[in-house]
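Enquirer: this one's structure only:
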């Protein structure tokens, strides 16, 4: 069972099932869930596998979103290119920003990250208003031309495309977290950074690379958002949004493969339902964060994995838990 | 023209000093919490906004700003006590990350509640001290001078409290070695409560005195977050003296930066922070960080 939980077949099964749910649930909702889960994946990886809590994720989302938005507004009309440009822009900026942020210890990292997010928001909203048009944003609907193979300007096209991207992201993170040596080293950084340094690893490089990977995935989600909404405005970098993504990561279970997806599904579903009755949604986000943290930080998928592990160990007492492939 | 510039610079410096006062009052709470309890209490920003709203309501009801200030601090005291007993006390033994996410949740919930109670429209609070003070031929609003004075008094009082009183000594001992302090028969959990409430009341005071400068709005706690973080990071987490020094720096950078080029007001402190962190990753007065 444990083996099945981290296999690529499960990823396909889950996403294809989710794709087919189009018949039951509105497609707009599912598209948002999938894009948001890609975004949350980066944050969840940072918290769960690296021990770095990032309250500045909206800034990294905005890098990708504005990369794609500025390309579409000023340079070209192809949405595929826009997403590619968004990824490249966020990759370059993350490499630069990571150099400064990653050398800080974890509490300073979080505070600096949030301060950085506020400054980014301010830049997009006010300082660069000539090019980004601040709160009004870049309206791209007339700038986007239909694309070949999958038409990204149509709702069903972007729906399919975001699922394909999500499956690729999940396969990548499955390899990264469960199979690769790099993922194991990241876990070591979380558990005992000093020991790892003593063993001769350059922990800065590991953290930097993980930071760049996680936030470039956030940038990819941002680029998808831009193409999906056909617009981008400064509000995407608003620091309040950081709560959503951290809440989703914690709700689903930080560092687990399907945590972000389960978290996004529940969170966005709840948000859609509750905001019909209550206008101030923050109360519930805050409440959820408190409940998830007080109930133990494992989240839904994390608790499920722990439960399965326990049952498996009970069944076969002879096999110790440490014999699983890869990992630690 | 030069005369004019000189006056501008003086009034900018005074404005910067009064901003420093607000920043100091707000971040001294964060520093105290980190210093004693090794937790980053992001819900201080909620108490800040709450203080500002309460002073608005009570001033509107009774007509006296000072009564409002007192009431705001008293109500915040009760709220902080409840939050500490219900939520925060469960996370003292957990890693810093844990308390950060949890208190961020409290902050967010608080912002939502404020929106629910007071609505979204910004509220004005009149300055309680009219008139102006003449400094080197430049007339400066009296209230700003009062804020600077108040911040200095609070700084001295906090230093006196920590260094000279029995309770303060116990708190400082708790920072060094919590277990030994407990072995001496001091109830450390009560010390934590006292520190938390003290921090929260100071944050509320920051909100109260900042209210006449700005419009009181639900997002005010969120918008000052960046500056508060810059202040604690530049000064070094957990150091009261560092907080004071960096509040002075950030206040001047903000107001003099705005004089040169308006967007600098928000960008310049960030640049200062980056430069200082590159030179000294623990901030100016920060000691080597304890990891738990």
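Expert: Thanks, I have it. Being a predicted model, the structure only gives us computed values, none of them experimental. Residues are numbered from 1 along each chain as shown, chains lettered A, B, ... in the order given.
Enquirer: and residue B:117, how many neighbours?
Expert: Residue B:117: 12 surrounding residues under other C-beta atoms under 10 Å in any protein chain shown. Just so you know, the C-beta spots here come from the backbone N, C-alpha and C atoms, and that holds for glycine as well.
Enquirer: all helices for the stretch 151-292 of chain B, in order.
Expert: Using DSSP state H, counting those that start in this stretch, the helices found in the stretch 151-292 of chain B span residues B:166-176, B:178-183, B:188-210, B:220-235, B:240-260, B:264-279.
Enquirer: Save the ones you listed as a markdown table, and put in distance to residue B:144 too.
Expert: Below are the helices of the stretch 151-292 of chain B laid out as a markdown table (distance: least, C-beta to C-beta, whole Å):
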| stretch | distance to residue B:144 |
| --- | --- |
| helix B:166-176 | 30 |
| helix B:178-183 | 40 |
| helix B:188-210 | 10 |
| helix B:220-235 | 17 |
| helix B:240-260 | 11 |
| helix B:264-279 | 17 |
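Enquirer: can you redo the ones you listed as TSV with distance to chain A and mean pLDDT?
Expert: Listed next are the helices of the stretch 151-292 of chain B as TSV, based on distance: least, C-beta to the nearest C-beta, whole Å; pLDDT from 0 to 100:
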stretch	distance to chain A	mean pLDDT
helix B:166-176	16	78
helix B:178-183	18	80
helix B:188-210	16	88
helix B:220-235	3	84
helix B:240-260	11	86
helix B:264-279	5	81
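Enquirer: The residue lying closest to residue B:267 once chain neighbours are set aside sits in which helix or strand?
Expert: Distances taken as C-beta to C-beta, 6 or more residues apart in numbering or on different chains place residue A:119 nearest to residue B:267, at 6.6 Å, with adjacent residues excluded. In the assignment (DSSP states H and E), residue A:119 maps to helix A:106-122.
Enquirer: Just give me how far the next helix or strand after that helix sits from the chain centre.
Expert: Using DSSP H and E, the helix or strand that directly follows helix A:106-122 along the chain is helix A:129-132. Here the centre of helix A:129-132 is set off from its chain's centre by 27 Å, with C-alpha atoms, centre = their mean, to the nearest Å.
Enquirer: Do any residues in helix A:129-132 lie close to chain B?
Expert: No - contact of helix A:129-132 with chain B is not found when judged by C-beta under 8 Å from any C-beta of the partner chain; the minimum separation is 9.6 Å.
Enquirer: Just the residues contacting whichever helix or strand comes after that helix, thanks.
Expert: Downstream of helix A:129-132, the first helix or strand assigned by DSSP H and E is strand A:138-139. Contacts with strand A:138-139, where a contact means C-beta atoms under 8 Å, 6 or more residues apart in numbering or on different chains, come from A:69, A:70, A:72, A:73, A:132, A:230, A:231, A:232, A:233.
Enquirer: Looking at these, which one is closest to chain B?
Expert: Nearest to chain B among the contacts of strand A:138-139: residue A:132, at 13.3 Å, using C-beta to the nearest C-beta.
Enquirer: didn't the closest one look like it was pressed against residue A:65?
Expert: No - checked against C-beta atoms under 8 Å, the pair residue A:132 and residue A:65 is beyond contact range at 10.5 Å.
Enquirer: The two - which one has more neighbours?
Expert: Taking neighbours as other C-beta under 10 Å, residue A:132 and residue A:65 compare with residue A:65 leading, 32 against 23.
Enquirer: Am I right that the more buried one is in a helix?
Expert: Yes - Residue A:65: assigned to a helix according to DSSP: H, G, I helix; E, B strand; the rest coil.
Enquirer: got a list of what it touches?
Expert: A:86, A:219, A:222, A:223, A:225, A:226, A:232, A:236.
Enquirer: Quick one: name the residues of the stretch 51-200 of chain B near chain A.
Expert: For the stretch 51-200 of chain B, the residues found near chain A under the criterion C-beta under 8 Å from any C-beta are B:87, B:90-91, B:96-98, B:100-102, B:104-113, B:115-116.
Enquirer: one more time with 6 Å, if that's ok
Expert: Within the stretch 51-200 of chain B, the positions adjacent to chain A are B:96, B:97, B:100, B:101, B:102, B:105, B:108, B:109, B:111, B:112, B:115, B:116 by C-beta under 6 Å from any C-beta of the partner chain.
Enquirer: Quick check: closest non-adjacent residue to the second one.
Expert: It stands for residue B:97. residue A:53 (4.7 Å).
Enquirer: All the strands of the stretch 151-300 of chain A, in order from the start?
Expert: Assigned by DSSP state E, counting those that start in this stretch, the stretch 151-300 of chain A shows strands spanning A:231-232.
Enquirer: Residue B:116 - how many residues pack around it?
Expert: Other residues within reach of residue B:116, judged by other C-beta under 10 Å, total 14.
Enquirer: Quick check: which of the helices of the stretch 151-292 of chain B is buried the most?
Expert: helix B:220-235 (a mean of 26; mean count of other C-beta atoms under 10 Å in any protein chain shown).
Enquirer: Counting by contacts, list what it packs against.
Expert: helix A:106-122, helix B:2-37, helix B:44-62, helix B:240-260, helix B:264-279 (3 or more C-beta pairs under 6 Å, 6 or more residues apart in numbering or on different chains; DSSP states H and E).
Enquirer: Contacts for the shortest one next, please.
Expert: Read it as helix B:264-279. The contact list for helix B:264-279, computed with C-beta atoms under 6 Å, 6 or more residues apart in numbering or on different chains, reads A:100, A:119, A:122, B:230, B:233, B:234, B:250, B:253, B:254, B:257, B:258.
Enquirer: which ones are touching residue A:47?
Expert: Contacts of residue A:47 by C-beta under 6 Å, 6+ apart are A:53, A:249, A:254.
Enquirer: 10 Å instead?
Expert: Contacts for residue A:47 (C-beta atoms under 10 Å, 6 or more residues apart in numbering or on different chains) come out as A:53-54, A:190, A:214, A:245-246, A:249-250, A:253-255, A:259, A:297, B:97, B:101.
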